[in-house]
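J.: would you be able to build a 3D model of this:
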Amino acid sequence: RIQQGKKTCAANTHNTLRAAMSNDATKKQGAYGKIKTHKESKISQICRLDEVFSAVTLLYIKPLSSNLNSPQIQETFNKPDLEFCDEILGKVSRSFAAVIRQLPAALLVDVLIFYLVLRALDTVEDDMSAFESHDIKVGHLKAFHKTALGDSTWCMDGVGEGDERRLLQEFQKCHSVFAALRPESKKVILDITERMANGMAEFVDKDLGQGTVNVKEYNRYCHFVAGLVGEGLSRLFAASGLEKSSLGKELHLSDQMGLFLQKTNIIRDYLEDYVDGRAFWPQSVWKKYSKSGDLGYFAQDGDANKAAALQCLNELVTDALELVPDCLKYLSKLECTEIYRFCAIPQVMAIATLDKCFNNPDVFTGVVKIRKGLSCKLILNTNDMTGVHSTFFSFAKGIAARANPTDPSYKRTMKACGVIQELTAQAGAAAAAGASGSRTTAICALVVSGLYLSERYLAAAVFAGLMLYLVAFPVIFGNAAAAAGGQQLQSARDMEKSKKE
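T.: Numbering: from 1, shown residues only. Here you go, the predicted model:
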């Protein structure tokens, strides 16, 4: 009966996963790009005219400028090879490409090559079928810093898919640009690549079909694949002279920056990773909620499964939120505007993604992503600490307002959100005071978006409704929601205080 129960559980999970698989023919490794993405309707996105206006502004009015054509860069590096690196960067990571290109000329190519080298290494790690054995794969990983960065003719074929495969096939062009970097930058990239590869090799032989064993191992994996990236970037910032030399020694804060981003991705990519048979949700967390003892339990249909899945999800989101204070502390140490923007934009995207994932059952049936318009709005508001703080305040407040008192991690969630709100309260208050101005801007965006879409009938049709949405509804319901959220947060604090007494 036990075996039959497990088979039934596996069959239910399999059926759910088949339903979640999309028909996207995009060539990506593993399940990436093949699991359906949960998107809001176009009408829903258009109705957020402040986001539409932000998208138009970022695309056409005030885009992030690229410094790649600066004389300093063009005179230092081989032009065709640099053009390949820039092109492939845009293919393998559209989200990071723009924030890398806007970096100062003294740092831009160093970070660009650092990213491509690690992306190539990650492609080797992620390919689950190209190597005949784990030993062969481990050998390639451990030798990567010597082969890829030590041999100007090195390349690799038959590994990865799509643009990632092409990156490895034409890696000589990346090596050409790498070889022309400052010695200090090459030293950092070599060191981080070697340490990351050794960390990846450690996990190749582990059975990750059911996730990592515990939170300690979860954190260790995140350190290798993301925390070390944070350390490497801090060292590159310092070596460029654009930031204080002491920043290169902020190892703990740099590590936390990387962990926050990586944990957000792991939380969001539950289904993709499970389908790939290489998951990272820690068993010490999810086994508290899975009645079947299988990580796929959360992907099955049923009210009991859904309730347990959301409780598990919320605990992991809370675990990530607890990293925010260190991330904000790191950002406060940055002095260069472009570096600040480069570091802050992924962080605000991460908190927005956690807000989207929190208590959201869609995580277990596909991939949830924040709206593109919201992404543009966040980018435009990420130029200084005030803008970043207001973003973190807003999302922490939103998560706290939706937290369920019956959730096992409720108190921990409220505490994490409370700490974030306390750290960012001043900016949050300023943002609230400027809400009416934001609504006015959004109303102006109506005209811009109508012209941009060249659909006057659509702009006219939604004008009245959006006027109500932007002006009346926030006043009527926004204040009530804010009051409810504040009462909920205060209630949690009073409970904690009473407990201590």
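
J.: thought I379 was touching G387, still the case?
T.: No: using C-beta atoms under 8 Å, G387 is not in contact with I379, being 10.1 Å away. Using the backbone N, CA and C atoms, a C-beta is placed for each residue, glycine as well.

J.: neighbour count: these two, which is higher?
T.: Each of G387 and I379 has its neighbours counted (other C-beta atoms under 10 Å); I379 has more, 22 against 19.

J.: so who does the more buried one touch?
T.: Residues in contact with I379 (C-beta atoms under 8 Å, 6 or more residues apart in numbering) are S54, L58, L64, I345.

J.: repeat that with 6 Å
T.: For I379, the contact set (C-beta atoms under 6 Å, 6 or more residues apart in numbering) comprises I345.

J.: how about the strands in the protein?
T.: For the chain, applying DSSP state E gives strands covering 37-38, 367-368.

J.: lowest-confidence stretch among those strands?
T.: Here the strands of the chain differ in mean pLDDT, and the lowest is strand 37-38 at a mean of 91.

J.: and the contacts of it?
T.: Contacts of strand 37-38 (C-beta under 6 Å, 6+ apart): D362, G366, V367, V368.

J.: list the strands paired with that strand, with their directions.
T.: According to DSSP bridges, strand 37-38 forms sheet pairs with strand 367-368 (parallel).

J.: quick one: the strand it pairs with to chain centroid distance?
T.: 12 Å (C-alpha atoms, centre = their mean, to the nearest Å).

J.: list the contacts of that strand.
T.: So strand 367-368 is in contact with I35, T37, H38, K356, C357, N360, D362, going by C-beta under 6 Å, 6+ apart.

J.: out of those residues, which end up buried?
T.: Buried members of the contacts of strand 367-368, counted by 16 or more other C-beta atoms under 10 Å: I35, K356, C357, N360.

J.: now flag whichever of the residues you listed is closest to D207.
T.: Of all the buried ones among the contacts of strand 367-368, I35 has the smallest distance to D207: 21.8 Å, by C-beta to C-beta.

J.: what does the pLDDT read for the closest one?
T.: pLDDT, read off for I35, is 86.

J.: so what's it up against?
T.: With C-beta under 6 Å, 6+ apart, I35 has these contacts: A20, L271, E272, G366, V367.

J.: ok so, going back, of all the strands of the chain, which one is nearest P405?
T.: That would be strand 367-368 among the strands of the chain, by C-beta to C-beta, at 24.0 Å.

J.: picking that back up, and the buried ones among the contacts of strand 367-368 as a markdown table, adding distance to E231?
T.: Formatted as a markdown table, the buried ones among the contacts of strand 367-368 follow (distance: C-beta to C-beta, whole Å):
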| residue | distance to E231 |
| --- | --- |
| I35 | 31 |
| K356 | 28 |
| C357 | 26 |
| N360 | 32 |
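
J.: returning to what we had before: for the contacts of I35, pick the one with the most neighbours.
T.: In the contacts of I35, the most neighbours by other C-beta under 10 Å go to L271, 25 neighbours.

J.: now that residue: how far from A179?
T.: Using C-beta to C-beta, to the nearest Å, L271 is found at 41 Å from A179.

J.: and if you look at L236?
T.: Here the criterion is C-beta to C-beta. By it, L236 lies 17 Å from A179.

J.: which of those two has more neighbours?
T.: Neighbours per residue (other C-beta under 10 Å) separate L236 from A179, with L236 holding more: 26 against 14.

J.: the more buried one contacts L112, correct?
T.: No: if you go by C-beta atoms under 6 Å, L236 and L112 don't touch, sitting 10.9 Å apart.

J.: what do these two both touch?
T.: Counting by C-beta under 6 Å, 6+ apart, no residue touches both L236 and L112.

J.: starting at the chain centroid, how far to the longest helix seen in the chain?
T.: When the chain is parsed with DSSP state H, its longest helix is helix 410-433. Centroid displacement of helix 410-433 relative to its chain, using C-alpha atoms, centre = their mean, is 21 Å.

J.: would you mind pulling up the elements that that helix packs against?
T.: helix 303-321, helix 385-402 (3 or more C-beta pairs under 6 Å, 6 or more residues apart in numbering; DSSP states H and E).

J.: need the ones you listed in a markdown table with mean pLDDT and distance to T76, can you?
T.: Converted to a markdown table, these look like this (pLDDT from 0 to 100; distance: least, C-beta to C-beta, whole Å):
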| stretch | mean pLDDT | distance to T76 |
| --- | --- | --- |
| helix 303-321 | 96 | 39 |
| helix 385-402 | 98 | 32 |
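
J.: out of the ones you listed, nearest to S332?
T.: Proximity to S332 (C-beta to C-beta) singles out helix 385-402 among those, at 6.4 Å.

J.: list the contacts of that closest one.
T.: Residues from elsewhere that reach helix 385-402 (C-beta under 6 Å, 6+ apart): 344, 348, 351, 355, 358-359, 381-382, 414, 417, 420-421, 424, 427-428, 431, 485, 489.

J.: what subset of the residues you listed is buried?
T.: The neighbour-count test (16+ other C-beta under 10 Å) marks 344, 348, 351, 355, 358-359, 381-382, 414, 417, 420-421, 424, 427-428, 431, 485, 489 as buried among these.

J.: ok, back up a step: now, which of the contacts of strand 367-368 sits nearest I88?
T.: Looking across the contacts of strand 367-368 and measuring by C-beta to C-beta, the closest to I88 is T37, at 23.4 Å.

J.: what bridges to that closest one?
T.: When bridges are called by DSSP bridges, T37 pairs up with V367.

J.: returning to that earlier point: farthest-apart pair in the contacts of strand 37-38, please.
T.: Spatially, the most separated pair among the contacts of strand 37-38 is D362 and V367, at 8.5 Å (C-beta to C-beta).

J.: re the thing from before, for the contacts of strand 367-368, which one is nearest V159?
T.: Proximity to V159 was ranked across the contacts of strand 367-368 by C-beta to C-beta; first place goes to I35, at 21.9 Å.

J.: now the closest one: how far from G162?
T.: From I35 to G162 the distance is 16 Å (C-beta to C-beta).

J.: got a list of contacts for stretch 127-137?
T.: Outside stretch 127-137, the residues touching it (C-beta under 6 Å, 6+ apart) are G158, V159, G160, V204, D205.

J.: filter those to the buried ones?
T.: Listed as buried from these are V159, G160; burial here means 16+ other C-beta under 10 Å.

J.: out of the contacts of stretch 127-137, who's nearest E231?
T.: Nearest to E231 out of the contacts of stretch 127-137 is V204 (C-beta to C-beta; 22.0 Å).

J.: the closest one reaches V138, doesn't it?
T.: Yes: counting by C-beta under 6 Å, V138 is a contact partner of V204 at 5.4 Å.

J.: quick one: buried residues of stretch 289-308?
T.: For stretch 289-308, by 16+ other C-beta under 10 Å, it's Y289, S290, S292, D294, L295, G296, Y297, F298, A299, Q300, N305, A308.

J.: typo on my end, stretch 149-168
T.: 149, 154-156, 159-161, 163-168.

J.: and the end-to-end length of it?
T.: 12 Å (C-alpha to C-alpha, to the nearest Å).

J.: what about that stretch, average pLDDT?
T.: 97.

J.: which residues are contacting it?
T.: 27, 29, 88, 91-92, 120, 123-124, 127, 130, 147-148, 169, 171-172, 175, 190.

J.: just the buried residues of those residues.
T.: Buried among those (16+ other C-beta under 10 Å): Q29, I88, V92, A120, T123, V124, D127, A130, A148, F171, H175, L190.
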